[in-house]
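S.K.: After the sequence you'll find the predicted model.
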2 protein chains.
Amino acid sequence: MADTTHAQPTVTDALRADILAGRFEPGDRLLEVALSEHYAVGRAAIRSALVELTTEGLVQRQTNRGAVVRRISIEEAIQINEARAALESLIAAKAASIATAEERVELQGIIDRMRAAVAEDRGGDYSDLNALLHRRLREMGGHVVAAELVDNLRNRAAHHQYRLALMPGRPGQSLEQHASIVDAVVAGDEDGAAEAMRVHLLSVIDVLRRWGDASGIG
Amino acid sequence: MADTTHAQPTVTDALRADILAGRFEPGDRLLEVALSEHYAVGRAAIRSALVELTTEGLVQRQTNRGAVVRRISIEEAIQINEARAALESLIAAKAASIATAEERVELQGIIDRMRAAVAEDRGGDYSDLNALLHRRLREMGGHVVAAELVDNLRNRAAHHQYRLALMPGRPGQSLEQHASIVDAVVAGDEDGAAEAMRVHLLSVIDVLRRWGDASGIG
DNA sequence: ATCAACAACATTGTCAACAATGGCGCCCAG
DNA sequence: CTGGGCGCCATTGTTGACAATGTTGTTGAT
């Protein structure tokens, strides 16, 4: 349905990756000539990339005044995660509805590995497994449209999510939430899966909101 | 938070409007030079517009092979509306939570006018009021991110929605659903508003699915 | 008659130069 | 010392020409 064509990585992809990796920070100006030299392509390609990333919400552009990496406020990050919660709930419900037996086993396996990661205090591994779990659920749900939107939303909030991972005690806290999601999916309980996913992401938002208040940004 | 700058209408806007209005149909090739002449702008502007509309899902582009107006299958239209249901539920809940007294009165006024439109069989007016209701809810919800995504999703499914409006008996059917949404919002019942909105949009999907089956497209 | 190689065409991708715009600093008057 | 006006500079926007690619129609051999 959607293009699963692995088109070769474009300049847009490179720039997007650099922004997400923090190579360019919010507020940084994105000068066309500078980027043109940096990526060794013509200004036209850079221009195209900036347009694309603008519609994705990563870049802000003002006519005749150039482009900057968009700054996401805490308030907006909260909204992004609220939207994400709504969409991932839908995805989880779909996954609960149509996942194959093998896939359900696979999900439980991921939870087992998450448990082990928490027990042995391997935070990095837990973070990877977290991403893996959400990704697999997206794939299993077969909901191309929602999956695409979620991808975009994750990118937009990337900076804030990043800081979340550093919070002490978070892994243990969210482990049970993840387990609940998988339990519901494995049981084929659509509503339960949606609700579990919603609870999980809303708790993420809660942490975000508290963190924002504490730092006085929002 | 998001740019509310009324930037002057760009070529992108014009092309988007023409596609949504059916001036260009799904599958139509969008040749750069032709569009360049048609809109009396340089190829660069057209190119930029095509990139933008591609990320919006209205246009499909293959390198070195040009762009065409994207064709949305019934299955994808269903997914689009499912995602929209998830996001508009969120919006309705927010509206129920924060709408002012005046706004709640305004919503009831819209419902009254819808009732009158149905009673007097003014389908066009009903359709306009329908759009107005959804739009006002989006604005009242104050959820910029979700509102933006919903706007995009509406555009994507525009062709299919269009045919829906022509269905006989639809207005009366959806009127009560709309009334339920407004009742919940007016009562400040977040969960009720979300659920009512979900029911409403899922019923739209149901019609869509039946229609798709009947025509053997999906 | 069928198929492969090829050539001409249509279209997109890229590049460099030029025009237009907006910001910044300088100069000068008060 | 301050504030308004003016000109320069950095940067984006636009244009036109050229290169690369894909497609289509034609030719010639089997």
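M.R.: Sure thing, it's come through.
S.K.: Strands of chain A, start to end?
M.R.: Taking DSSP state E, the strands of chain A run over residues A:29-30, A:59-62, A:66-69.
S.K.: of those strands, which approaches residue B:209 most closely?
M.R.: Taking Cβ to Cβ as the criterion, strand A:59-62 is the member of those that comes nearest to residue B:209, at 37.7 Å. Backbone N, C-alpha and C define where each C-beta goes, glycine included.
S.K.: of all the strands of chain A, which lies closest to residue B:205?
M.R.: For residue B:205, the closest of these is strand A:59-62, at 33.8 Å, according to Cβ to Cβ.
S.K.: one step back: so which of the strands of chain A is the most surrounded?
M.R.: Ranked by mean neighbour count under mean count of other Cβ atoms under 10 Å in any protein chain shown, the strands of chain A are led by strand A:66-69, which reaches a mean of 19.
S.K.: just how off-centre is that strand within its chain?
M.R.: Relative to its chain's centre, strand A:66-69 lies at 22 Å (Cα atoms, centre = their mean, to the nearest Å).
S.K.: Which pLDDT value goes with the residue nearest the centre of chain A?
M.R.: Taking Cα atoms, centre = their mean as the criterion, residue A:154 is the residue nearest the geometric centre of chain A, at 2.5 Å. Listed pLDDT for residue A:154 reads 95.
S.K.: and the gap between it and residue B:94?
M.R.: Using Cβ to Cβ, to the nearest Å, one gets 21 Å for the distance from residue A:154 to residue B:94.
S.K.: for residue A:47, same thing?
M.R.: In terms of Cβ to Cβ, residue A:47 sits 37 Å off from residue B:94.
S.K.: Compare those two (neighbour count), which wins?
M.R.: residue B:94 (24 against 18; other Cβ atoms under 10 Å in any protein chain shown).
S.K.: Enumerate every residue touching that one.
M.R.: By Cβ atoms under 8 Å, 6 or more residues apart in numbering or on different chains, the contact set of residue B:94 is B:140, B:141, B:142, B:143, B:190.
S.K.: mind checking how far it is from residue B:187?
M.R.: Taking Cβ to Cβ, one finds residue B:94 at 15 Å from residue B:187.
S.K.: ditto for residue A:64
M.R.: Separation of residue A:64 from residue B:187 (Cβ to Cβ) stands at 49 Å.
S.K.: neighbour-wise, which of the two wins?
M.R.: A count of neighbours by other Cβ under 10 Å puts residue B:187 above the other of residue A:64 and residue B:187, at 12 against 4.
S.K.: Grab the nearest non-local neighbour of that one.
M.R.: residue B:96 (7.5 Å; Cβ to Cβ, 6 or more residues apart in numbering or on different chains).
S.K.: shouldn't that neighbour be in contact with residue B:185?
M.R.: Yes: under the contact definition of Cβ atoms under 8 Å, residue B:96 touches residue B:185, with a separation of 4.4 Å.
S.K.: what touches both of these two?
M.R.: Common neighbours of residue B:96 and residue B:185, using Cβ under 8 Å, 6+ apart, are residue B:193.
S.K.: Just the closest residue of chain A to DNA strand C, please.
M.R.: In chain A, no residue comes nearer to DNA strand C than residue A:42, which is 2.5 Å away by Cβ to the nearest atom of the strand.
S.K.: and the residue located most distally from the centre of chain A, backbone torsions?
M.R.: Of all residues in chain A, the one whose C-alpha sits farthest from the chain's mean C-alpha position, using Cα atoms, centre = their mean, is residue A:64 at 31.6 Å. Note on residue A:64: its backbone torsions stand at phi 70, psi 0 [degrees, to the nearest 10].
S.K.: And the pLDDT at it?
M.R.: With respect to pLDDT, residue A:64 has a value of 94.
S.K.: repeat for residue A:54
M.R.: What the model reports for residue A:54 is a pLDDT of 96.
S.K.: Now do the same contact list for it.
M.R.: By Cβ under 8 Å, 6+ apart, the contact set of residue A:54 is A:60, A:61, A:67.
S.K.: hmm, try it at 10 Å
M.R.: For residue A:54, the set of contacting residues under the criterion of Cβ atoms under 10 Å, 6 or more residues apart in numbering or on different chains consists of A:60, A:61, A:67, A:70, B:3, B:51, B:52, B:55.
S.K.: does the second one really touch residue A:70, like I thought?
M.R.: The reference is to residue A:61. Yes: A contact is recorded between residue A:61 and residue A:70 when judged using Cβ atoms under 10 Å, the distance being 9.3 Å.
S.K.: what do those two both touch?
M.R.: In the contact map built from Cβ under 10 Å, 6+ apart, the residues linked to both residue A:61 and residue A:70 are A:53, A:54.
S.K.: before we move on, back to that, looks like the residue nearest to residue B:187 contacts residue B:142 (just checking).
M.R.: No: the pair formed by residue B:96 and residue B:142 falls short of the contact definition of Cβ under 10 Å, at 11.9 Å.
S.K.: what's around residue A:145, how many residues?
M.R.: Here the number of neighbours of residue A:145 (other Cβ under 10 Å) works out to 25.
S.K.: do you know how far it is from residue A:177?
M.R.: For residue A:145, the distance to residue A:177 under the criterion Cβ to Cβ works out to 25 Å.
S.K.: again, but for residue A:49
M.R.: Counting by Cβ to Cβ, the gap from residue A:49 to residue A:177 is 37 Å.
S.K.: Neighbour count for those two, which is higher?
M.R.: residue A:49 (25 against 17).
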